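# below is the sequence, then the predicted model.
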Amino acid sequence: MAAFFQTNMTLDSIKIVPGRYSSLTDRAPYRIRCAAASPVKKRYNIALLPGDGIGPEVISVAKNVLEKAGFLQGLEFDFQEMPFGGAALDLVGVPLPEETSTAAKQSDAVLLGAIGGYKWDKNEKHLRPEMGLLHLRRDLKVFANLRPATVLPQLVDASTLKKEVAQGVDMMIVRELTGGIYFGEPRGITIDENGEEVGVNTEIYAAHEIDRIARVAFETARKRRGKLCSVDKANVLDASILWRKRVAALASEYPDVELSHMYVDNAAMQLIRYPKQFDTIVTNNIFGDILSDEASMITGSIGMLPSASLGESGPGLFEPIHGSAPDIAGQDKANPLATILSAAMLLKYGLGEEKAAKRIEDAVLDALNKGFRTGDIYSPGNKLVGCKEMGEEVLKSLDSKVPATV
Ligand SMILES: NC(=O)C1=CN([C@@H]2O[C@H](COP(=O)(O)OP(=O)(O)OC[C@H]3O[C@@H](n4cnc5c(N)ncnc54)[C@H](O)[C@@H]3O)[C@@H](O)[C@H]2O)C=CC1
Ligand SMILES: CC(C)CC(=O)C(=O)O
Ligand SMILES: [Mg+2]
């Protein structure tokens with residue numbers, strides 16, 4: 001699997017290191033050929049999928065940061081940039097070209113910007129950029145989507161919540177990513193027996209899909225503060241009744257993890273009322289999608305949250321949780337930190353390169369400490385910068401942190 005499970009091979013045999021993580025990502029075709037800061041030891045193939053809207057802007061910045069952090073750590077990358085989403089639709093007529101899917105599957109890790117935009121909003125379903133993303137996630141079998149949401153001390157003022165409610169929030173949302181209503185059959189728009197149009201989607205989960213994501217969540221909680229909250233809608237949905245039953249049945253295998261259950265409507269409210277109660281949340285595809293956008297505002301902005309999508313084997317997929325933000329695309333206003341931190345997750349969870357990942361996290365904190373802020377996280381007294389300048393500042397911070405002995 002991507003590196004989340006790399007050291008111990010299977011979900012069942014993961015060895016847990018006690019204690020709490022404190023890093024930003026929660027704790028875990030061209031080459032750099034010039035003399036590296038330390039001797040080149042490893043080389044990785046990275047599939048780069050910029051996508052649409054602000055995707056290319058944030059990917060261009062994050063790629064430079066990834067390159068530099070790798071260089072400083074003696075890593076070499078072969079980047080293969082491939083068309084994806086609306087960009088691919090315009091180029092070859094499909095959102096996920098075969099070549100892009102193959103490049104992603106053959107890579108060591110995939111770094112993705114975002115897809116979608118007004119231009120393709122009225123396309124037929126199979127010709128929408130978003131379907132390309134769903135298919136990519138399925139092709140890569142990345143069922144476990146880790147979405148850390150941490151309120152950084154530097155950004156407490158940018159939170160939507162009052163300082164005393166926001167400070168100290170540090171949670172991990174474990175979202176099931178390749179099942180549920182986004183994929184369930186039957187789906188589509190048909191005509192019913194009265195001749196009326198009906199839109200149909202199906203929330204469906206097999207027991208094994210629930211078990212494997214629940215195990216990831218239990219293992220994640222175990223490495224954090226030992227609290228897992230499973231979010232569902234088991235008071236009305238059959239798929240949620242099975243979800244709750246399967247998650248509860250696994251609890252005896254993780255006696256060190258305190259399991260609770262919460263209905264999703266209450267969870268949406270509790271996230272705003274008292275977010276510090278959450279350590280690890282496990283939930284289905286659609287609830288995780290929605291709750292993580294909500295959680296992002298506690299941290300200051302959706303432009304801050306990275307993600308790692310992992311499967312049992314093969315490359316992981318790393319992307320910010322936000323979309324293509326067509327309202328600010330092409331204006332150099334996007335916050336690139338979510339994508340930069342996704343690159344850190346790529347290094348940590350995708351390649352097992354924790355030191356290089358830490359360099360990026362430290363550099364992000366350093367740039368924030370120096371007061372650099374994009375518009376979405378700006379507060380008075382700080383320095384307003386655009387996407388590119390924020391990237392340059394993170395690069396400078398990376399530079400200044402090269403160990404003196406190298
Ligand atoms: N993973 C992906 O590629 C995703 C794609 N989408 C697609 O993106 C398009 C736009 O969707 P929306 O619902 O507007 O969601 P969005 O996440 O793109 O934007 C929502 C709001 O957040 C702001 N925002 C997002 N990322 C930001 C960043 N890095 N820095 C500063 N502000 C940022 C936007 O300007 C906008 O006001 C749609 O086509 C949607 O389907 C949406 C979510 C995820
Ligand atoms: C196409 C959507 C399912 C993408 C999204 O909103 C997400 O993964 O957060
Ligand atoms: Mg979303």
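Cool, got the structure. Ligands and ions are numbered 1, 2, ... in the order given.

# could you list every residue that touches the closest residue to ligand 2 within the stretch 1-150 of the chain?
Per CB to the nearest ligand atom, residue 130 is where the stretch 1-150 of the chain lies closest to ligand 2, at 3.9 Å. In short, each C-beta sits where N, CA and C put it, glycine included. When contacts are counted by CB atoms under 8 Å, 6 or more residues apart in numbering, residue 130 touches 95, 115, 116.

# part of a helix, is it?
Yes - with DSSP: H, G, I helix; E, B strand; the rest coil as the criterion, residue 130 is part of a helix.

# could you measure it against residue 137, distance?
Separation of residue 130 from residue 137 (CB to CB, to the nearest Å) stands at 11 Å.

# who touches both of these two?
Common neighbours of residue 130 and residue 137 (CB under 8 Å, 6+ apart) do not exist.

# and the residue nearest the centre of the chain, backbone torsions?
Centroid-nearest residue in the chain: residue 307, 1.3 Å away (criterion: CA atoms, centre = their mean). Phi and psi for residue 307, reported as degrees, to the nearest 10, are phi -150, psi 160.

# equivalent analysis for the one 3 residues further on, please.
Note on residue 310: its backbone torsions stand at phi -130, psi 150 [degrees, to the nearest 10].

# for it, give the beta-bridge partners.
For residue 310, the beta-bridge partners are residue 144 (DSSP bridges).

# doesn't residue 346 make contact with it?
No - applying CB atoms under 8 Å, one finds residue 310 not in contact with residue 346, separated by 10.8 Å.

# how about low-confidence regions in this protein?
Counting by pLDDT under 70, the ranges of the chain that qualify are 1-40, 402-406.

# near ligand 1, which residues of it?
Contact residues (CB under 6 Å from any ligand atom) of the chain with ligand 1: 54, 114-117, 130, 133, 302-303, 319, 322-328, 334-335, 338, 376.

# interface residues of the stretch 151-300 of the chain facing ligand 2?
182, 289.

# and the strands in the stretch 151-300 of the chain?
170-176, 188-191, 197-200, 227-232, 258-263, 280-283 (DSSP state E, counting those that start in this stretch).

# nearest to residue 399, of the ones you listed?
Checking these against residue 399 by CB to CB gives strand 170-176 as the closest, at 28.5 Å.

# tell me which other helices or strands that closest one touches.
Secondary-structure packing of strand 170-176 (3 or more CB pairs under 8 Å, 6 or more residues apart in numbering; DSSP states H and E): strand 144-150, helix 207-223, strand 280-283, helix 285-299.

# where do the strands sit along the stretch 301-406 of the chain?
Using DSSP E, counting those that start in this stretch, the strands of the stretch 301-406 of the chain run over 308-310, 316-318, 372-373, 383-384.

# so which of those strands gets nearest ligand 2?
Here strand 308-310 is closest among the strands of the stretch 301-406 of the chain (CB to the nearest ligand atom), at 8.9 Å.

# now do the contacts for the closest residue to residue 375 other than its chain neighbours.
Excluding its sequence neighbours, the residue lying closest to residue 375 (CB to CB, 6 or more residues apart in numbering) is residue 333, at 5.6 Å. Residues in contact with residue 333 (CB under 8 Å, 6+ apart) are 374, 375, 386, 387.

# I'd like the contacts of residue 130 as CSV, with secondary structure and distance to residue 150 appended.
Below are those laid out as CSV (DSSP: H, G, I helix; E, B strand; the rest coil; distance: CB to CB, whole Å):
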residue, secondary structure, distance to residue 150
95, coil, 32
115, coil, 26
116, coil, 26
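
# make sure residue 79 is indeed in a helix.
No - counting by three-state DSSP, residue 79 falls outside a helix, being strand.

# so which residue of the stretch 51-200 of the chain comes closest to ligand 1?
Residue of the stretch 51-200 of the chain nearest ligand 1, by CB to the nearest ligand atom: residue 116 (2.4 Å).

# report the buried members of the contacts of residue 333.
Buried members of the contacts of residue 333, counted by 16 or more other CB atoms under 10 Å: 374, 375, 386, 387.

# how much space separates the first one from ligand 2?
This points to residue 374. 20 Å (CB to the nearest ligand atom, to the nearest Å).

# same thing with the last one?
Distance from residue 387 to ligand 2, counting by CB to the nearest ligand atom: 20 Å.

# residues in contact with that residue?
Contacts of residue 387 (CB under 8 Å, 6+ apart): 54, 57, 58, 61, 332, 333, 334, 335, 336, 374.

# the strand ranked longest in the chain and ligand 2 in contact?
Secondary structure of the chain per DSSP state E: the longest strand is strand 42-51. No - applying CB under 6 Å from any ligand atom, one finds strand 42-51 separated from ligand 2 by no less than 11.0 Å.

# return the subset of the buried ones among the contacts of residue 333 lying in helices.
By the criterion of DSSP state H, membership of those in helices covers residue 387.

# need the strands of the stretch 301-406 of the chain in JSON lines (columns: mean neighbour count).
Shown next, in JSON lines, are the strands of the stretch 301-406 of the chain (neighbours: other CB atoms under 10 Å):
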{"stretch": "strand 308-310", "mean neighbour count": "28"}
{"stretch": "strand 316-318", "mean neighbour count": "29"}
{"stretch": "strand 372-373", "mean neighbour count": "24"}
{"stretch": "strand 383-384", "mean neighbour count": "12"}
